[in-house]
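Asks: next one to model:
(one chain, ligands or ions: 1)
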Amino acid sequence: MDFTASNILLLSLVEAAVSVYFFPQVFPRNALASFYLIFVIVQGTAWCFQKLIIYPFFLSPLRHLPHPPKGFYPLIGHGLILFKRPPGQAFLNILKETENDGLIHFRGVFHADRLLLASPAALADVLVHRSYDFEKPPWARNFLRKFLGDGLLMTEGDEHRHQRKHIMPAFSFRHIKELYPVFWSKSIELCQVVSRELGEKPDKVLDIGHFSTMVTLDIIGLAGLGRDIGSLRNNDDVLIENYEEILEPSTEKAVYFVLHLLFPPWVMAALPWKLNERVKITTGNLKRICGEFVANKKSRMKMESEEGKDILSIMLRSNNFSDNGLVDQLLTFLAAGHETTSSALTWATHLLSTHPEIQTRLRTEIQENIPDRKALLDPNFDIAALLESLPYLNAVCNEVLRLFPTIPVSARMASRDTTVCGHFIPKGTLLQVVPWATNRDPALWGPDSEKFIPERWIDESGRTTMNGGADSNYSFLTFLHGPRSCIGERFARAEMRALVAAFVGEFKMQMANPEEKVRPGGTITSKPIDGMRLKLEPVTWGE
Ligand code: HEM
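Replies: Down below sits the predicted model:
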């Protein structure tokens, strides 16, 4: 029961009591209960009328902003958008169809005000200039907290500022450079495991998604915790099992997530839905495993004098986090740090399989510049300098991240009255930030905005550009921007460079079924609904 509903119940009781006490000739005392019911119905109806009609259509300060020309249904507003796939595509259609000057107004369930951020200026206001006027919506936080604890991704305000300040050093340019050998050695291990697997398959077809999840989990294990989880070697690793169960891109899980956005947690928890029990079990498992990681790390740090370069060691040395705080951060890094890059690698293989000429050009660049891939394993080799200097590799990675932002849709809620692009935004308004739509918006990227063209990231002098030819940095939203942007961006980009370079250098790839229309789905991160089945052929790459 929300505050307003309880107010109506209480007010009606007082009104009914006052009426029968002071006006017994009009309101006989023996009919108190009936009067109470009548008052509740009358006031409840007035409240619904105000909420559904009067405020949204006649009073809301946002009602004059441009609206999408279609897709509105009484009571559910434009709410069906959330169920459409690929996630974010419906918002892209709205951007294309609605003339606007930065903000598009649409209606959620029960006609609640919603805004779509539609221009670089609006995005800059929400993500950077007034970042702390906006928070993640409470219901999304309540849902995600089950999986991520109270780590950096979930906290707000001063607590977020404090955590971010103390975690930032672990993601500095210098530290990421030190992690490149981990990225490269695990990328080589991935290729070896895939080669072995192919040896046993006459059709040379495998689903790359499972392998990318394993390699990225191993990478975040080593680089984040200083511990080799070894899931590439041990296919049925318990962490993999739990994450794959949570992140499986099934319709049931997508519906479960969206219903959590629409209904309060106690309603969802009361539903006799088997998934509630499964979520409790898997999140409990993950918390227990992270607790063990922290305890082991602490006892090893006491015994060993060597200073670890991984994120957990850096955070432990900073002495800014309690043990429970570290468990929450680990839950966050493990989840945010492996499924995202795994999905990026999966989409990279898809785009390269469906664009063979780009794949060949990339392989040529890699093999020419890395004649001996094992030489990079020498501790003195500057892998960062080499991989960051390859223009086509960087252009391909940028273009994959642009077309398939791993988190296609995000949201913010105004935590106080504020403004965006000069428009007044009342406290409580929900704003949709949609990397999928912005990254593909033809107004920002031109008429070929939805095509895979890595060349857009290379300038006349042959160097990789920062913004892919778009006028503004805010045209590329994959990692968002500002104080709530992805803290792992440098980490993710470095990891992706290594994985793509090693994989493309080693395998020629095509879709197992060239006719297949791959469907992006997933709950929070974007994954192919039916997996990504590739036909792989090892190619010669100098020893
Ligand atoms: C391709 C890979 C990745 C993508 C596309 C990505 C994208 C994002 C996005 C869009 C957000 C903001 C979410 C929101 O506020 O709605 C975010 C936040 C975050 N990401 Fe990433 N991420 C990636 C990889 C990583 C990695 C590798 C790590 C850690 C090692 C990481 C850790 C985090 C954390 C801790 C936050 C919360 C930051 C904050 O709120 O201050 N991410 N990421």
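Asks: and the residue of the stretch 351-500 of the chain found nearest the ligand, its phi and psi?
Replies: For the stretch 351-500 of the chain and the ligand, the shortest gap (Cβ to the nearest ligand atom) falls at G488, measuring 2.2 Å. Quick note: C-beta positions are derived from backbone N, CA and C, even for glycine. G488 adopts backbone torsions of phi -90, psi 10, taken as degrees, to the nearest 10.
Asks: wait, it touches L334, no?
Replies: No. The criterion here is Cβ atoms under 8 Å, and G488 misses it with L334 at 11.5 Å.
Asks: contacts only, for the closest residue to E307 other than its chain neighbours.
Replies: Excluding its sequence neighbours, the residue lying closest to E307 (Cβ to Cβ, 6 or more residues apart in numbering) is S313, at 6.7 Å. The neighbours of S313, taking Cβ atoms under 8 Å, 6 or more residues apart in numbering as the test, are G226, K297, M301, E307.
Asks: which strand or helix spans S313?
Replies: Using DSSP states H and E, S313 maps to helix 311-318.
Asks: then E537?
Replies: Applying DSSP H and E as the criterion places E537 in strand 533-538.
Asks: show me where the stretch 51-200 of the chain has its helices.
Replies: 89-97, 120-124, 138-148, 157-167, 173-199 (DSSP state H, counting those that start in this stretch).
Asks: for the last one, which positions count as buried?
Replies: Same thing as helix 173-199. For helix 173-199, the neighbour count (16 or more other Cβ atoms under 10 Å) marks 175-177, 179-191, 193-194, 198 as buried.
Asks: near the ligand, from the residues you listed?
Replies: Restricting those to those within reach of the ligand (Cβ under 6 Å from any ligand atom) leaves nothing.
Asks: who touches the lowest-mean-pLDDT helix or strand in the chain?
Replies: Lowest by mean pLDDT, DSSP states H and E among the helices and strands of the chain is helix 238-247, with a mean of 73. Applying Cβ under 8 Å, 6+ apart, the contact partners of helix 238-247 are 147, 210, 213-214, 217, 229, 231, 278-279, 282-283, 285-286, 289, 334-335, 338-339, 522-523, 525, 527.
Asks: name only those of these that count as buried.
Replies: For these, a burial check counting by 16+ other Cβ under 10 Å picks out 147, 210, 213-214, 217, 229, 231, 279, 282-283, 286, 289, 334-335, 338-339, 522-523, 525, 527.
Asks: inside helices: which ones of those?
Replies: Among the buried ones among the contacts of helix 238-247, the residues falling in helices (DSSP state H) are 147, 210, 213-214, 217, 279, 282-283, 286, 289, 334-335, 338-339.
Asks: now the strand holding E537: average pLDDT?
Replies: Confidence for strand 533-538, expressed as mean pLDDT, is 96.
Asks: my read: M315 touches D328, true?
Replies: No. Assessed by Cβ under 8 Å, M315 is found out of contact with D328, at 11.4 Å.
Asks: for the ligand, what are the nearby residues on the stretch 201-350 of the chain?
Replies: Checking the stretch 201-350 of the chain against the ligand by Cβ under 6 Å from any ligand atom, the hits are I220, G224, T332, F333, A336, G337, T340, T341, A344.
Asks: pLDDT weak spots in the stretch 101-250 of the chain?
Replies: The model of the stretch 101-250 of the chain has pLDDT under 70 over residues 235-236, 247-249.
Asks: next up, phi/psi of L499, please.
Replies: phi -60, psi -50.
Asks: in contact with it, which residues?
Replies: Each residue near L499 by Cβ under 8 Å, 6+ apart is listed here: F183, S187, L190, S212, V215, T216, T341, L345, A348.
Asks: need the contact list for the second one.
Replies: Contact partners of S187, counting by Cβ under 8 Å, 6+ apart, are V215, A498, L499, A501, A502, F503.
Asks: what about the fourth one, distance to H338?
Replies: A501 sits 19 Å away from H338, going by Cβ to Cβ, to the nearest Å.
Asks: where does the stretch 251-400 of the chain dip in pLDDT?
Replies: 305-306.
Asks: which residues of it fall in helices?
Replies: For the stretch 251-400 of the chain, the helices defined by DSSP H, counting those that start in this stretch cover 251-262, 265-270, 274-303, 311-318, 323-353, 356-369, 383-388, 391-403.
Asks: same deal with the stretch 401-543 of the chain?
Replies: Under DSSP H, counting those that start in this stretch, the stretch 401-543 of the chain gives helices at 435-439, 442-445, 489-506.
Asks: ok, back up a step: can you list the residues of the stretch 201-350 of the chain next to the ligand in CSV and add neighbour count?
Replies: Formatted as CSV, those follow (neighbours: other Cβ atoms under 10 Å):
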residue, neighbour count
I220, 30
G224, 27
T332, 25
F333, 27
A336, 23
G337, 25
T340, 25
T341, 27
A344, 26
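Asks: show me the domain layout of the chain.
Replies: Annotated domains of the chain cover 1-59, 145-538 [automatic domain parsing].
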